[in-house]
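[1] Just to be clear, the model below is a prediction. Sequence and coordinates:
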Amino acid sequence: MITTRNRAEALERTCEIIAALNPAPDEVLITADGCADDTMHAVRRHLPYATVITNKNARGSVACRDVMMRQARADLVFALDDDSYPEQMDCIALVGRFFEEEPKLAVLHFPQRSDEYPETISQTEFGAEHLTRSFANSGAVLRRSTYLQLPGFEPRFFHMYEEPDYALQCVAGGYDVLFSPVITIRHHYSRKALSEMRNHHRHARNELWSTLLRCPLPFAIGIVIWRVSSQLRYACKRGWSWVIREPLWWWQALAGVPYCLRNRRPVSWANYKRWLRLA
């Protein structure tokens, strides 16, 4: 599954790789989220059999992925960004055995060679397999049957932080989120339409909302204070232009507090701590 918005050039490269996978995927789901470019042509040129969901107005990557997870027919769903793809053409066969051998495996994710971190492009060692408290939807396989048992990705997030929030749900439900170097992901990390500060604000806001949704009382109060302080410290490291704009996400977060309180599904404190201690 892929969600995309006005990045046809990057998407076309990814579609070309997907079309060459052997074995091929059972289906390909792509959401064009408020696209006004040549996205449809890029898809049809390489993946004419793909199912394309078209949103006239952007709903955000998180909501798009939630819809595709629920619409998918297969139990294993390979999540990619429009600018990321697996480097091994037999990746589907390689990852399938993990889920056959591990019934409690909910998410399997992989190292990424990303332009955001140039040193990873030539990296050959990515460490051993280990359990984690998050993953990246730019290169991960999710078990759909597990997803449907849990709240899943929170559509209100719009973009960012759905992965650690879902990983918390998995850990609390007794499922595993596993990092494995069995394959690698090439992530070109397109910076088109990206804003570091806006992403920071979204990440911080959604992190706070996740705390309100999942963390039990009275511990949630302390965790919220810790989250806000941590994000402010990060803004201070980036400079005064970031610090003076930090209250922008505070007001955005406050607007969503009533929604979070109405939809709270807190996990136990023991499970929340267990999740925090993971890598």
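    That came in fine, so what should we check first? Just so it is clear, the model here is predicted, and its values are computed rather than measured.
[2] From here on, just use CA atoms for contacts and neighbour counts.
    Fine.
[3] Residue ranges in the protein under the pLDDT threshold?
    190-194 (pLDDT under 70).
[4] Show me where it has its helices.
    8-19, 39-46, 61-71, 91-101, 144-147, 162-172, 196-214, 219-238, 240-243, 247-255, 257-262, 269-276 (DSSP state H).
[5] just the ones you listed: most buried one?
    helix 162-172 (a mean of 23; mean count of other CA atoms under 10 Å).
[6] which outside residues touch that helix?
    Helix 162-172 is contacted by residues 62, 106, 133-137, 150-154, 176-177, 207, 210, 267-268, 271-272, 274-275 when judged by CA atoms under 8 Å, 6 or more residues apart in numbering.
[7] Residue most distant from the centroid, this protein?
    residue 240 (29.6 Å; CA atoms, centre = their mean).
[8] quick revisit: let's have the helices of the chain in JSON lines, adding distance to residue 84.
    Putting the helices of the chain into JSON lines (distance: least, CA to CA, whole Å) gives the following:
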{"stretch": "helix 8-19", "distance to residue 84": "6"}
{"stretch": "helix 39-46", "distance to residue 84": "15"}
{"stretch": "helix 61-71", "distance to residue 84": "15"}
{"stretch": "helix 91-101", "distance to residue 84": "14"}
{"stretch": "helix 144-147", "distance to residue 84": "21"}
{"stretch": "helix 162-172", "distance to residue 84": "16"}
{"stretch": "helix 196-214", "distance to residue 84": "19"}
{"stretch": "helix 219-238", "distance to residue 84": "27"}
{"stretch": "helix 240-243", "distance to residue 84": "29"}
{"stretch": "helix 247-255", "distance to residue 84": "29"}
{"stretch": "helix 257-262", "distance to residue 84": "32"}
{"stretch": "helix 269-276", "distance to residue 84": "27"}
